[in-house]
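In: okay, sequence plus prediction incoming.
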Amino acid sequence: MTTQSRIQPMPVQLVNQIAAGEVVERPASVVKELLENSLDAGATKISIDIEQGGAKLIRITDNGHGIHKDDLVLSLSPHATSKIHSIDDLEEVTSLGFRGEALPSIASVSQLQLTSCWKSGDETWQLTMNNSQASDIAPAANKPGTTIEVRDLFFNIPARRKFLRTEKTEFSHLDDVVKRISLSRFDVDISLRHNQRVVKALRAANNRLQQEKRVAEILGPAFIEQAVHMDFDYEGLRLWGWIAQPTFSRSQADMQYFYVNGRVVKDRLVSHAVRQAYSDVLFHGRHPAYVLFFECDPVMVDVNAHPGKHEVRFRQSRQIHDFLFRAIHKSLAEVVAGNARSHDYQHFSNTPESEHQGSVVSQADTSMAPAGQYSGYQPAQSSMPFAAAEQRRAYTAFAPERSQSLAAQGNEAESEEMPPLGFARAQLHGIYILAENAQGMVLVDMHAAHERITYERLKTSREGEGIKSQPLLVPITMAVSAKEAQLVEDNTEIFTQLGFEVDRVADESIKLRQIPVVLSNSDVETLLRDVLSDLLTHGSSSRIQQELNEILSTMACHGSIRANRKLTIEEMNALLRDMEVTERSGQCNHGRPTWIQLSIAELDKLFMRGR
């Protein structure tokens with residue numbers, strides 16, 4: 001550009017190619033945009049054909065309502081759409097696409113052919129775009145819905161084509177897009193072929209069992225077997241889906257799918273709420289896995305906050321954050337030891353993708369069985385000492401407060417039923433409890449299990465008694481920003497509930513007068529600054545709660561059964577029964593599993609029985 005250059009409008013082709021720089025990053029971007037268009041068109045069946053990772057061909061066919069003949073050319077014009085017509089529509093948008101950028105951007109960097117039949121019309125029409133030049137509209141073989149072919153992506157921009165990765169890498173990105181879309185719409189048949197080979201053939205899922213089968217097929221059976229189904233409603237907000245138990249954690253955040261009104265998003269507020277909900281149970285450095293669907297009034301969400309629409313902006317972020325945290329936290333709290341899933345998803349897996357940590361059993365549904373009420377298992381009697389009825393009587397004597405609940409089962413049923421974690425048979429090296437249940441063998445880390453039980457009891461006791469505070473001999477004056485000082489003023493009641501007395505004393509100054517007794521040896525000034533930073537960023541903070549819990553966790557660790565302590569059968573059974581009614585008992589305070597299940601089938605496999 002020289003100093004003599006004058007301002008002039010850019011050619012349409014150049015405008016579209018610049019826009020394509022944001023919309024069309026790689027073949028996966030094309031598939032995402034076209035799939036979203038198909039879903040917006042009401043499609044219930046979508047087929048995807050790919051060649052050479054999408055660089056040579058992307059063909060997507062759907063049975064949606066199609067495009068009218070008179071709108072074919074317009075559909076390939078910039079910013080032309082049927083989805084919004086005013087600013088009010090934008091604020092309440094429910095469609096996945098709404099900017100009218102995708103098709104013209106794709107057409108500007110590829111050879112595109114659009115074939116469509118309008119609703120239930122009798123005529124099908126075809127339009128071809130080559131380097132943004134449209135052909136005449138011509139009749140085509142009658143077929144309901146729309147077919148879009150994208151050939152030779154970036155053929156006219158060699159620099160962009162040069163940056164495409166290998167065929168395998170590009171198809172991997174494309175496959176991830178199909179996974180995300182497939183998880184978002186259980187009601188749609190989706191098939192994917194690559195180089196004439198069928199990769200996915202997902203049937204529509206009309207009930208929860210079918211949905212879980214689809215999730216198992218996409219993410220692997222280990223995820224759904226280790227997952228807790230949840231469904232929470234509150235004042236127009238709904239969160240439902242599946243969250244993996246903490247023992248099924250990941251080294252990377254690569255199995256996290258969150259949808260807002262059907263749109264997949266990656267949002268910091270959501271990530272923070274989920275991490276906070278898992279903070280008490282997840283091993284350090286690990287990441288939770290989940291497939292969650294959040295539904296709310298579209299007015300509460302700004303979906304036009306990011307060029308790629310990957311991020312959204314919530315208009316009531318604090319309310320949303322608290323709702324997400326409480327819903328997930330409650331679901332995790334309701335997980336108790338021994339409630340195993342009854343469905344087998346193994347045969348739905350194509351390629352296992354999970355980091356299955358040993359043989360940690362699926363432990364939960366969202367129901368929590370009361371003490372002494374066990375599922376009606378009927379295992380064969382063992383020849384080992386302490387038959388089931390004898391152990392039950394021994395436990396009743398050891399824990400009289402539960403004897404009435406156990407007795408209510410009836411003598412006849414009592415001789416047959418088996419509690420979820422079964423009954424103790426032996427102690428191994430003073431560390432592990434070996435128990436037998438209806439499924440097979442249970443191994444329990446007795447220190448980890450007792451540590452979690454003690455920790456939960458300490459938390460319950462603290463919640464009942466409240467947080468004891470002590471005044472500082474010399475109040476701490478802290479210089480903060482005006483926004484942080486205002487946060488202190490607005491959240492005085494919350495700080496008081498957590499044992500702090502902190503006041504705003506100037507525009508940019510606060511004074512800390514009182515702190516919780518248990519934090520007397522902590523760096524409370526740094527803690528308070530971190531809390532204010534969280535409040536500014538996320539609208540809430542759990543740092544004080546986490547600090548208090550850390551202290552209780554240490555107390556629980558020191559107050560729990562130590563290794564090499566010999567336990568009687570009665571004591572071991574008492575520990576098993578406590579595990580069955582204690583929240584989050586599947587993992588210790590540090591996120592390690594407290595027990596694992598080895599089924600008879602797994603034991604047979606180890607010994608190669610039945611071969």
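Out: That came through fine. Computed from a prediction, not measured in an experiment: that's the story for all the values here.
In: tell me how far residue 420 lies from residue 108.
Out: Distance of residue 420 to residue 108, computed by CB to CB, to the nearest Å: 60 Å. Bear in mind the C-beta positions are built from the backbone N, C-alpha and C, glycine included.
In: one more: residue 240?
Out: In terms of CB to CB, residue 240 sits 40 Å off from residue 108.
In: for these two, indicate the residue with more neighbours.
Out: Remark: of residue 240 and residue 108, residue 108 carries more neighbours, 26 against 15, as counted by other CB atoms under 10 Å.
In: which one is that one nearest to, not counting chain neighbours?
Out: Of all residues not flanking residue 108 in the chain, residue 16 sits nearest, at 3.5 Å (CB to CB, 6 or more residues apart in numbering).
In: who's in contact with that neighbour?
Out: 78, 104-105, 107-108, 132 (CB atoms under 8 Å, 6 or more residues apart in numbering).
In: in this structure residue 544 contacts residue 498, no?
Out: Yes: the pair residue 544 / residue 498 is scored as a contact, 4.7 Å apart, by CB atoms under 8 Å.
In: returning to what we had before: neighbour-wise, which one of the contacts of residue 16 leads?
Out: Busiest of the contacts of residue 16 [other CB under 10 Å] is residue 107, holding 28 neighbours.
In: tell me the pLDDT of the nearest residue to residue 520 once chain neighbours are set aside.
Out: Of all residues not flanking residue 520 in the chain, residue 470 sits nearest, at 6.6 Å (CB to CB, 6+ apart). If you check residue 470, the pLDDT there is 90.
In: looking at the contacts of residue 16, which are in helices?
Out: If you go by DSSP state H, the contacts of residue 16 have 104-105, 107 in helices.
In: tabulate those (TSV), appending distance to residue 263.
Out: Formatted as TSV, the ones in helices among the contacts of residue 16 follow (distance: CB to CB, whole Å):
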residue	distance to residue 263
104	22
105	19
107	24
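In: can you name the element that comes right after the helix or strand hosting residue 294?
Out: Secondary structure assignment for residue 294, by DSSP states H and E: strand 290-295. Using DSSP H and E, the helix or strand that directly follows strand 290-295 along the chain is strand 301-302.
In: tell me the helix or strand right after that following strand.
Out: strand 313-314.
In: list the helices and strands the next helix or strand after that next one packs on?
Out: Downstream of strand 313-314, the next assigned helix or strand under DSSP H and E is helix 317-333. Applying 3 or more CB pairs under 8 Å, 6 or more residues apart in numbering; DSSP states H and E, we find helix 317-333 packed against strand 227-234, strand 237-244, helix 268-278, helix 524-538.
In: what's the closest of the ones you listed to residue 454?
Out: helix 268-278 (20.6 Å; CB to CB).
In: now do that closest one against strand 290-295, angle only.
Out: 120 degrees (axes from the mean of the first three to the mean of the last three CA atoms, to 10 degrees).
In: show me what helix 268-278 is packed up against.
Out: Right, helix 268-278 is packed against strand 256-260, helix 317-333, helix 524-538 by 3+ CB pairs under 8 Å, 6+ apart.
In: now the first one: mean pLDDT?
Out: Taken as a whole, strand 256-260 carries a mean pLDDT of 96.
In: partner strands of that strand, with direction?
Out: strand 263-264 (antiparallel), strand 290-295 (parallel) (DSSP bridges).
In: surely residue 112 is in a strand?
Out: Yes: assessed by DSSP: H, G, I helix; E, B strand; the rest coil, residue 112 belongs to a strand.
In: so the nearest residue to it once chain neighbours are set aside, which of the three states?
Out: Spatially, and ignoring its direct neighbours in sequence, residue 112 is nearest to residue 129 (4.4 Å; CB to CB, 6+ apart). Following three-state DSSP, the label given to residue 129 is strand.
In: next, count neighbours for residue 129.
Out: By other CB under 10 Å, the residues close to residue 129 number 21.
In: for residue 468, same thing?
Out: 10.
In: quick one, what contacts it?
Out: With CB under 8 Å, 6+ apart, residue 468 has these contacts: 499, 516-518.
In: rerun at 6 Å
Out: residue 517 (CB atoms under 6 Å, 6 or more residues apart in numbering).
In: next, the angle from the longest helix seen in the chain to helix 317-333.
Out: When the chain is parsed with DSSP H, its longest helix is helix 446-465. Between helix 446-465 and helix 317-333, the angle comes out at 130 degrees (the same axes, to 10 degrees).
In: which helices and strands sit right next to helix 446-465?
Out: helix 543-558 (3 or more CB pairs under 6 Å, 6 or more residues apart in numbering; DSSP states H and E).
In: chain center to the helix it packs on: distance?
Out: The chain centre lies 26 Å from the centre of helix 543-558; the measure is CA atoms, centre = their mean, to the nearest Å.
In: just the residues contacting it, thanks.
Out: Outside helix 543-558, the residues that reach it (CB under 6 Å, 6+ apart) are 279, 451, 454-455, 458, 498, 518, 527, 530-531, 589.
In: and the strand holding residue 294, how far from the chain's centre?
Out: 7 Å.
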